[in-house]
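Q: A structural model of the following input is requested.
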Amino acid sequence: MKNKPAGLPSAEVAGPYFGVHDMSTDQLQERRLHAMEIFRQQKEVVEQRQRQDLLKQIREQEYESRALDAMRAEFVLFCYFLVEILI
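A: Here you go, the predicted model:
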């Protein structure tokens, strides 16, 4: 019979089971330190993106402010010439 079921699996050796006792304290400490390092890196990435967004907003505001100042100066000059023509 080619398709005969394999039967029951062989018994596994008794060892640490998943849950409370699956790692030593050193392994737990290493995992905790690794998790803290990952958290720190992710926090740095988020803070860097926030800084970049803030700098981008500041640059846009400065550009818009310069454009408004130029338009205001042009308008004042236009009004001055308009008054000169009408008088």
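
Q: Tell me the buried residues in stretch 37-50?
A: Buried residues in stretch 37-50, counted by 16 or more other C-beta atoms under 10 Å: none are found. All C-beta spots, glycine's among them, are computed from the backbone N, C-alpha and C.

Q: ok, and what's touching that stretch?
A: Residues from elsewhere that reach stretch 37-50 (C-beta atoms under 8 Å, 6 or more residues apart in numbering): none.

Q: Give me the mean pLDDT for it.
A: For stretch 37-50, the mean pLDDT works out to 98.

Q: how about the CA coordinates for it, as CSV?
A: C-alpha atoms of stretch 37-50 as CSV (Å, rounded to 0.1, in the frame of the first residue of the first chain):
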residue,chain,number,x,y,z
GLU,A,37,16.5,49.1,20.9
ILE,A,38,13.9,48.6,18.2
PHE,A,39,11.5,51.0,20.0
ARG,A,40,14.3,53.6,20.2
GLN,A,41,15.1,53.3,16.5
GLN,A,42,11.4,53.6,15.5
LYS,A,43,11.0,56.7,17.8
GLU,A,44,14.1,58.3,16.2
VAL,A,45,12.6,57.7,12.7
VAL,A,46,9.3,59.3,13.7
GLU,A,47,11.0,62.3,15.3
GLN,A,48,13.2,62.7,12.2
ARG,A,49,10.1,62.7,10.0
GLN,A,50,8.4,65.2,12.2
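
Q: Could I get the contacting residues of residue 54?
A: Contacts of residue 54 (C-beta under 8 Å, 6+ apart): none.

Q: ok, it to residue 40 distance?
A: Distance of residue 54 to residue 40, computed by C-beta to C-beta, to the nearest Å: 21 Å.
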